[in-house]
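In: Everything below, folded, please.
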Amino acid sequence: MTTKVSPPPQSETMAPCCPPLSERPLTAEEAERTAVMFKALGDPVRLRLFSLVASHEDGEACVCDISDVGVSQPTVSHHLKKLREAGLLSSERRGTWVYYRVEPSVLAVMGRLLTRTPTTITATS
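Out: Predicted structure coming up:
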């Protein structure tokens, strides 16, 4: 039996929102949405869990495969919940296990934010 775990509220999901940081200053709304993502990743355990899910085969990981991060299982569940609430992960219950996936747009958003906008280089003689 597969049961989809309820997604985070729409206002908390990470969606492509912002230009590269080097392109222009963020608006207050863009900064607020981006800060939620970075705040969630600001904890070493959460960053490690996010990395474990993102790099896992097929782009999803069972909680049973990623819970050995040096903290108790309830603490792992807490951190995974925080990542879900920030819109960085989605989850699906399959039997007794929960499987986590990195939301498709998340890595693209993070990469785009931190990528410098290419500038045109002109040769002078």
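
In: how about low-confidence regions in the protein?
Out: Residues of the chain that meet the criterion pLDDT under 70 lie in 1-17, 116-125.

In: out of everything not next to it in sequence, what's closest to the most centrally placed residue in it?
Out: The geometric centre of the chain, computed from its C-alpha atoms, lies nearest to Leu88 (CA atoms, centre = their mean), at 2.8 Å. Take Leu88 and drop its neighbours on the chain: the residue closest to it by CB to CB, 6 or more residues apart in numbering is Val106, 5.4 Å away. For the C-beta atoms, the positions are set from N, CA and C on the backbone; glycine is no exception.

In: What of Glu60?
Out: In this structure, Glu60 finds its nearest non-sequential neighbour in Arg101, 4.3 Å apart by CB to CB, 6+ apart.

In: ok, now which ones touch that neighbour?
Out: For Arg101, the contact set (CB atoms under 8 Å, 6 or more residues apart in numbering) comprises Val53, Gly59, Glu60, Leu89, Ser90, Ser91, Glu92.

In: Of those residues, grab the buried ones for PyMOL.
Out: In PyMOL, this line selects whichever of the contacts of Arg101 come out buried by 16 or more other CB atoms under 10 Å:
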select buried, resi 53+60+89+90+91
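
In: Gln73 and Ser67 touch, don't they?
Out: Yes. Using CB atoms under 8 Å, Gln73 is in contact with Ser67, at 5.8 Å.

In: Same drill for the two, tell me which one is more crowded.
Out: Applying other CB atoms under 10 Å to Gln73 and Ser67 shows that Ser67 carries more neighbours, namely 17 against 11.

In: Please identify the helix or strand for the residue nearest to Glu60.
Out: Using DSSP states H and E, Arg101 falls within strand 97-102.

In: Return the set of buried residues in that strand.
Out: Taking 16+ other CB under 10 Å as the neighbour-count basis, strand 97-102 is seen to contain the buried residues Val98, Tyr99, Tyr100, Arg101, Val102.

In: same question, stretch 41-59
Out: Along stretch 41-59, these residues count as buried under the neighbour rule (16+ other CB under 10 Å): Leu41, Val45, Arg46, Leu49, Phe50, Leu52, Val53, Ala54, His56.

In: Which residue, other than its chain neighbours, is closest to the fourth one?
Out: So that's Leu49. Of all residues apart from its sequence neighbours, His79 sits closest to Leu49 (CB to CB, 6+ apart), at 5.6 Å.
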